[in-house]
Structures are given as C-alpha cells and as structure tokens.
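Colleague: predicted structure and sequence below. I'll ask about it afterward.
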Amino acid sequence: MNDVKLTVLGGEGTGKSALIVRFLTKRFIGEYASNFESIYNKHLFLEGKQLNLEIYDPCSQPQKAKFSLTSELHWADGFVIVYDISDRSSFAFAKALIYRIREPQSSHCKRAVESAVLLVGNKQDLCHVREVGWTEGHRLALENRCRFCELSAAEQSLEVEMMFIRIIRDILTNLKLKEKRRYSGSKSMAKLINNVFGKRRKSV
C-alpha cells in the first residue's frame, strides 16, 4: 500500500478544515476549533493502487504571525493552500505560504522532485462580497507552478472531492518520478563503481 502525505494550510477562517471533512465524510460543518491540529487517515483505490492517505490539518495561525514550515516541508508529499475569496488578507497569507514552499531549497530540506501544490480559493458562495478575483488566484498559481481552483466547501461536495483527487494524482506522479530518478542514480553509481574496481582488478 502506498503512503500519500498531504498538508492543508491556510489562515484562520478560510475553511481548510471544512474542506477536509467535506472530502472525508461528504458533510459540511461550518465551525471548527482552530487551536487543535489533526491528522486524518483515509484508504483510497486510485490508478490501480491502494493508497493510505494521511491529511495533516495544523492549528490555524494568525495571518500576520511569522511561521515556519520546516517540519511540514519534510513530512508532506504535497500541499493544499486555502484562502477565502472574500478576505484579501487570507490571500496575502496564502501567497506567503506558497513563497515559503517554493523558495530555494536549503540543504537540510532538499527534495528530488518539487512538491505538488494546489491553491484553492474557498467560499465561492460568497462571490457577492468577493475581494480576490479569479484571475489573481490563477496568476499566483501559474507563477509558482501550482494548480488552482475556486469552489465552495459549503455547497460543492463533488468539486471538493475532485480537487483532492487532483492533488493526490499529482503527488503520485511526483512519487513515480522520484523513484525513477532514484533508480537511475543507483544504476549510475553501480556502473561507476564497477568501472573503477573492474579496472583495478585488471591491473592487478
């Protein structure tokens, strides 16, 4: 069984927990305690594989607070970044999160393959008080090699499910590429060692 680890990030009140619960249970719950972190598990069958999906929902952080994603960057295979289309400050926070994920990788957190990231504009049902345009979200995602969608956790159960399936598929693609590169690197190293020691054996 393949393990897939997904972290859902976003500012307070963006509905990130509501999106997760909507995906897992198809129910919408509007209010959540934001001072608790949770890890949810779900078994899926996708692309001919049994998957053990782990979704990490960290405590919501004040959008003006400094944050560190070091542990999340080490743990997660992919990220869903959520903002509220009726709250511009949540979009600014989502942008900061994406920049942190996409910044040049340090030596202690270097990845063979870039993390899959999906930017989500939630609360599409509040479009009458929209503060962030669809184009802005799409542009931010495009500039930072992320996928993008707008939806409503409150009203669109199927769209929420498809959104999660989309990022899981991206993660699976990345894991295949990572495995391929690891295998290719191992073959190259084996060939190098064989060449070096093979020549030595001939010279003895």
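Modeller: It's in. Residues are numbered from 1 along each chain as shown.
Colleague: for stretch 3-17, the distance to its chain's centre please.
Modeller: On the basis of Cα atoms, centre = their mean, to the nearest Å, stretch 3-17 sits 8 Å off its chain's mean C-alpha point.
Colleague: what segments of the protein are helices?
Modeller: Taking DSSP state H as the criterion, the chain contains helices spanning 16-25, 70-75, 88-102, 134-143, 157-203.
Colleague: got any ranges where this protein has weak pLDDT?
Modeller: 33-35, 61-67, 105-112, 181-204 (pLDDT under 70).
Colleague: rewinding a little: out of the helices of the chain, which is closest to residue 10?
Modeller: Checking the helices of the chain against residue 10 by Cβ to Cβ gives helix 16-25 as the closest, at 4.2 Å. Placement of C-beta: from N, CA and C, glycine included.
Colleague: may I have the closest one exported as PDB, CA atoms only?
Modeller: Extracted in PDB, the C-alpha atoms of helix 16-25 (Å, rounded to 0.1, in the frame of the first residue of the first chain):
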ATOM      1  CA  LYS A  16      -9.500  24.500   5.400                       C
ATOM      2  CA  SER A  17     -10.800  22.000   8.000                       C
ATOM      3  CA  ALA A  18     -14.300  22.200   6.400                       C
ATOM      4  CA  LEU A  19     -12.700  21.200   3.000                       C
ATOM      5  CA  ILE A  20     -11.000  18.200   4.600                       C
ATOM      6  CA  VAL A  21     -14.200  17.000   6.400                       C
ATOM      7  CA  ARG A  22     -16.300  17.500   3.300                       C
ATOM      8  CA  PHE A  23     -13.900  15.300   1.400                       C
ATOM      9  CA  LEU A  24     -13.700  12.600   4.100                       C
ATOM     10  CA  THR A  25     -17.400  12.500   5.100                       C
END
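Colleague: got the contact list for residue 1?
Modeller: 43, 50-52 (Cβ atoms under 8 Å, 6 or more residues apart in numbering).
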